[in-house]
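A.B. asks: This is a predicted model, with the sequence first.
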Amino acid sequence: MIQLRDVTKRYGAKTVVDRLSFTARPGQVTGFLGPNGAGKSTTMRMVVGLDAPTSGEALVNGKRYAEHAAPLQEIGVLLEAKAVHPGRTAVSHLLSLARTHGIPRRRVDQVIDMAGLSAVAGKRVGGFSLGMGQRLGIAAALLGDPGVVMLDEPVNGLDPEGVLWVRNLLAGLAAEGRTVMLSSHLMSETALIADHLVVIGRGRLLADSGVDELVAQFAGGGVKVATGDPAALRTVLAGPGVTVTSTAAEELLVSGRSAREIGLAAAAYGVPLFELTPQTVSLEEAFMTLTRDAVEYSAGLPSAALQEATR
């Protein structure tokens, strides 16, 4: 697992990570989210010892990264897919990593095949597309067959087939009991992959919860109901804790009853329903609401002068 305990990172007077604590647990995919400048990259770099915390500690399986005798076999990491010598071939890059840990050649061949790189294994990495570079980075992360995997933007540059491959891969790793942590700006994809979310803003923890729980927190609640007899439905649903408001001529918003309860009650009294929709928000909408006050870089609408100048 990955554990951060009251971690702070300062560069001079600037605090990038501020008393951050969370745990990415085995058997689940943890989505690590935050706006640009939130401190995500710095946090991941501290996990693998590329940056040292000013205070607190970042642990992998109970130890600091540098304390592991064979770190590639503890945690596989993709932080920057292009951090490979462009003159090396894919297979030579992986072999050089394997030799540092005594990993056999057959494992190199396995991860090359798993990543779909067999046809280009002998080609220089400098000629790889962004998607091919991502595949090589993921192959390198899995080279040591680690129990913990931490990936930064793993689907960046991948085509739809590649995105599906990553999604299934990460789900499979978590199903095997491994710890999987990924950072991504693609909310729709994160909602499909992640079991748990850690959201930070300006270096501070904003949320540490399941995906459904976070979305429900900002959903507003209620069930939209369309019926040909709204007056009758109001009477049927009346009761303690139930609120019914009109949103249109044949539409009601009902709070205090689930969609199932509303449907069963309407059926029992013969009230026709045309629509029965629980009110939800997307993960992206919940994320935007949660991080609204923690966005460091925000683009506004063009000023009137700029609009005039570009006409």
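C.D. replies: Now that the structure is in, tell me what you want to look at. Because the structure is a prediction, the values reported are computed rather than measured.

A.B. asks: alpha carbons only for contacts and neighbour counts from here, please
C.D. replies: Noted.

A.B. asks: Please list all residues in contact with the residue lying closest to residue 120 once chain neighbours are set aside.
C.D. replies: Counting by C-alpha to C-alpha, 6 or more residues apart in numbering, residue 90 is the residue found nearest to residue 120 once chain neighbours are left out, at 7.5 Å. By C-alpha atoms under 8 Å, 6 or more residues apart in numbering, residue 90 lies in contact with 120-125, 136.

A.B. asks: List buried members of the residues you listed by neighbour count.
C.D. replies: Burial by neighbour count, 16 or more other C-alpha atoms under 10 Å: within the contacts of residue 90 this picks out 121, 123-125, 136.

A.B. asks: Using CSV, please lay out these together with distance to residue 29.
C.D. replies: Output for these, formatted as CSV (distance: C-alpha to C-alpha, whole Å):
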residue, distance to residue 29
121, 29
123, 32
124, 32
125, 29
136, 21
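
A.B. asks: Would you format those as a markdown table with distance to residue 282 and secondary structure included?
C.D. replies: Converted to a markdown table, the buried ones among the contacts of residue 90 look like this (distance: C-alpha to C-alpha, whole Å; DSSP: H, G, I helix; E, B strand; the rest coil):
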| residue | distance to residue 282 | secondary structure |
| --- | --- | --- |
| 121 | 40 | coil |
| 123 | 41 | coil |
| 124 | 41 | strand |
| 125 | 38 | helix |
| 136 | 32 | helix |
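
A.B. asks: Export those to CSV and append columns for distance to residue 63 and pLDDT.
C.D. replies: Formatted as CSV, those follow (distance: C-alpha to C-alpha, whole Å; pLDDT from 0 to 100):
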residue, distance to residue 63, pLDDT
121, 34, 94
123, 37, 94
124, 36, 95
125, 33, 93
136, 27, 96
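
A.B. asks: Could I get the full set of helices for this structure?
C.D. replies: Assigned by DSSP state H, the helices in the chain fall at 40-47, 90-99, 105-114, 130-141, 160-175, 187-193, 211-217, 230-237, 259-268, 283-290, 304-309.
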